[in-house]
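J.: Got a sequence here, can you build the structure:
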Amino acid sequence: MSNALQRDLVRLVRRIEQEDGPRAAADPFRQRFHLMPPVGWMNDPNGLCRCGEWYHVFYQYGPFDPTGGVKMWGHYRSCDLLHWEQLPPMMYPDQPWDIHGVYSGSALVEDGTLYLYYTGNVKFSGDYDYITAGRGHNTALAVSRDGMTVESNELLLENRDYPPDLTCHVRDPKVWAQDGKYYMVLGARTKDDRGELLVYESEDKRHWQHINTLTTKKKFGYMWECPDLFCLDGQWFLQCSPQGVKQQGNRFQNVYTCGYFPLDGDFRGEYTLGEFEELDCGFDFYAPQTFADGERRVLIGWMGMPDAPYTNPTVEQGWQHCLTVPCLLRRDGKRLLRMPVPEIDALRGKQVAPEDASVFDMECHTKKQGRLVIRGSAVIEWQEGLLRLTIDGGGAGRTVRCVEVPEVQTLRVLADVSSLEIFINGGEQVLSTRYYPAPYTHGVTVFGAETKIWEMGSLQITKQQDVK
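T.: So this is what the prediction gives:
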């Protein structure tokens with residue numbers, strides 16, 4: 001399936017990747033074991049799934065502008081989460097219902113076919129605020145049988161199909177099959193600035209009926225983005241990224257938060273939402289999505305933050321942002337624990353002394369209080385009741401993030417060239433952040449912990465030629 005606009009976009013993307021790719025690849029802040037855009041901008045992970053032998057990771061891709069620009073779905077695939085193929089973009093903004101951006105969505109896998117649900121963005125010309133008027137917020141479906149090309153694309157829902165009390169902000173469909181039917185949740189913003197999720201039901205994947213709305217009794221933010229609804233070991237969780245939640249002490253420190261509510265009852269009818277828990281307390285974590293991998297529930301997030309007051313110097317080299325490492329979710333009562341998938345351990349090389357560590361995986365058994373100084377830039381310190389991350393040089397505007405934890409017993413730190421992922425007590429709390437120490441610096445200073453540190457290898461990434 002192609003049209004003239006798509007063919008032109010294919011050529012333009014190919015050209016920009018060829019021309020700007022070498023400059024981005026030469027950046028000393030380029031990551032080793034995180035997925036990044038070849039050029040330009042990356043944000044939300046989309047359409048995460050396993051189909052046959054392949055894991056598919058799609059993402060919001062703006063190849064023409066490292067600060068954003070027009071969005072399409074970039075594409076990586078892998079058989080083992082370590083060796084990746086960079087494929088051409090899967091979907092381009094080339095339809096009347098997505099002409100200003102192929103926005104976020106999800107994948108439903110059925111009989112070896114990918115059903116890719118997404119938000120098509122249209123911004124009408126005129127004097128609009130694009131919140132209450134002026135925007136088409138369209139839910140669309142693209143179908144792929146080979147996992148690399150789209151054979152059909154169709155509009156499913158548009159403005160008139162959503163409840164009348166909503167603004168033009170309805171987006172990010174997450175779709176799954178259950179009990180012989182199909183279900184979809186959409187993030188939404190009401191006209192009185194209240195965040196909520198819409199629940200839709202379908203018999204055939206294409207005709208959808210609104211059956212319920214999920215929200216809190218008290219207003220909790222004005223928009224719930226990137227929804228996810230899943231059951232883990234018998235407990236349902238509603239995951240989303242609320243916007244407009246004010247900071248409360250050491251909670252909700254970022255401009256936008258993301259996390260989950262435990263959900264009891266039936267999302268299709270009577271339900272209750274428990275207390276919201278943040279998934280990450282670092283500077284750079286947003287729009288996570290999960291998918292089922294056999295019995296496992298795997299999560300990948302965007303290691304970035306929209307509208308943040310800090311920056312990334314990689315823009316100067318023509319690229320910005322990356323994704324987190326894939327993580328496993330485990331249930332602990334009504335809490336979620338998050339740790340890297342075990343496949344990541346295969347990237348460990350030899351053990352190194354702290355003074356030689358640069359790009360590494362570190363496991364720490366801690367004492368009641370302690371301190372790590374990483375590459376002279378990031379300081380992790382803990383004492384009873386609190387862990388603090390301070391970027392003391394190379395933060396590009398990032399300063400301090402804190403997380404309350406009764407006792408720090410263990411830490412695992414994944415340190416890439418320009419990022420840190422800090423897992424506390426087996427994933428009870430996590431802090432993810434970008435940081436930018438002086439290139440090629442190394443060394444970790446350790447106080448109050450017993451450590452093992454392994455140097456980390458790189459993901460193996462090959463580029464497949466255009467298949468359009």
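J.: Run through the chain and note the low-pLDDT ranges.
T.: 1, 465-468 (pLDDT under 70).
J.: Could you list the domains of it?
T.: What automatic domain parsing lists as the domains of the chain is 4-341, 351-457.
J.: Of those domains, which is nearest Q464?
T.: domain 4-341 (5.1 Å; C-beta to C-beta). Bear in mind the C-beta positions are built from the backbone N, C-alpha and C, glycine included.
J.: In TSV: the domains of the chain, plus mean neighbour count.
T.: Formatted as TSV, the domains of the chain follow (neighbours: other C-beta atoms under 10 Å):
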stretch	mean neighbour count
domain 4-341	19
domain 351-457	18
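J.: for those domains, which one sits closest to K463?
T.: domain 4-341 (4.6 Å).
J.: follow-up on the earlier one: now the domains of the chain in a markdown table, please, with extra columns for distance to Q464.
T.: Output for the domains of the chain, formatted as a markdown table (distance: least, C-beta to C-beta, whole Å):
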| stretch | distance to Q464 |
| --- | --- |
| domain 4-341 | 5 |
| domain 351-457 | 22 |
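J.: what's the distance between the residue nearest in space to the middle of the chain and C402?
T.: Nearest to the geometric centre of the chain sits G301, at 2.5 Å (C-alpha atoms, centre = their mean). Distance of G301 to C402, given as C-beta to C-beta, to the nearest Å: 20 Å.
J.: For the stretch 301-450 of the chain, which segments count as strands?
T.: Using DSSP state E, counting those that start in this stretch, the strands of the stretch 301-450 of the chain run over residues 319-320, 322-323, 327-332, 335-340, 348-351, 360-374, 378-383, 385-391, 400-405, 410-416, 419-424, 429-434, 444-456.
J.: Also the stretch 51-200 of the chain?
T.: Counting by DSSP E, counting those that start in this stretch, the segments of the stretch 51-200 of the chain that form strands are 54-62, 72-78, 83-91, 102-110, 113-123, 135-144, 152-157, 166-178, 181-190, 195-202.
J.: Indicate which one of the ones you listed is closest to C226.
T.: strand 166-178 (4.9 Å).
J.: Does anything pack onto that closest one? Which helices or strands?
T.: Strand 166-178 sits against strand 102-110, strand 113-123, strand 135-144, strand 181-190, strand 223-232, with contacts defined as 3 or more C-beta pairs under 8 Å, 6 or more residues apart in numbering; DSSP states H and E.
J.: Give me the contact list for the shortest one.
T.: Around strand 102-110, the neighbours that count as contacts under C-beta atoms under 8 Å, 6 or more residues apart in numbering are 44, 46-51, 56, 58, 60, 71-73, 91-93, 114-121, 171-177, 182, 205, 225-226, 287, 289, 291.
J.: Partner strands of that strand and their direction?
T.: Using DSSP bridges, strand 102-110 pairs in its sheet with strand 113-123 (antiparallel).
J.: same deal with the fourth one?
T.: For strand 181-190, the pairing partners within the sheet under DSSP bridges are strand 166-178 (antiparallel), strand 195-202 (antiparallel).
J.: Please produce JSON lines containing those strands, extended by distance to Y310.
T.: Converted to JSON lines, the strands paired with strand 181-190 look like this (distance: least, C-beta to C-beta, whole Å):
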{"stretch": "strand 166-178", "distance to Y310": "24"}
{"stretch": "strand 195-202", "distance to Y310": "24"}
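J.: which stretch among those comes nearest E450?
T.: Nearest of the strands paired with strand 181-190 (C-beta to C-beta): strand 166-178, 41.4 Å.
J.: Now find how far off-centre the closest one is within its chain.
T.: Counting by C-alpha atoms, centre = their mean, to the nearest Å, strand 166-178 is centred 16 Å from the centre of its parent chain.
J.: got it, and stretch 341-351?
T.: 22 Å.
J.: Among the strands of the stretch 301-450 of the chain, which comes closest to Q18?
T.: It's strand 319-320; of those, that one is closest to Q18 (C-beta to C-beta) at 14.4 Å.
J.: returning to that earlier point: and T433, which of the strands paired with strand 181-190 is closest to it?
T.: That would be strand 166-178 among the strands paired with strand 181-190, by C-beta to C-beta, at 23.8 Å.
J.: and that closest one with strand 152-157, angle?
T.: On the basis of axes from the mean of the first three to the mean of the last three C-alpha atoms, to 10 degrees, strand 166-178 is oriented at 120 degrees to strand 152-157.
J.: Strand 166-178 versus strand 223-232: what angle between them?
T.: Strand 166-178 and strand 223-232 are oriented at 10 degrees to each other (the same axes, to 10 degrees).
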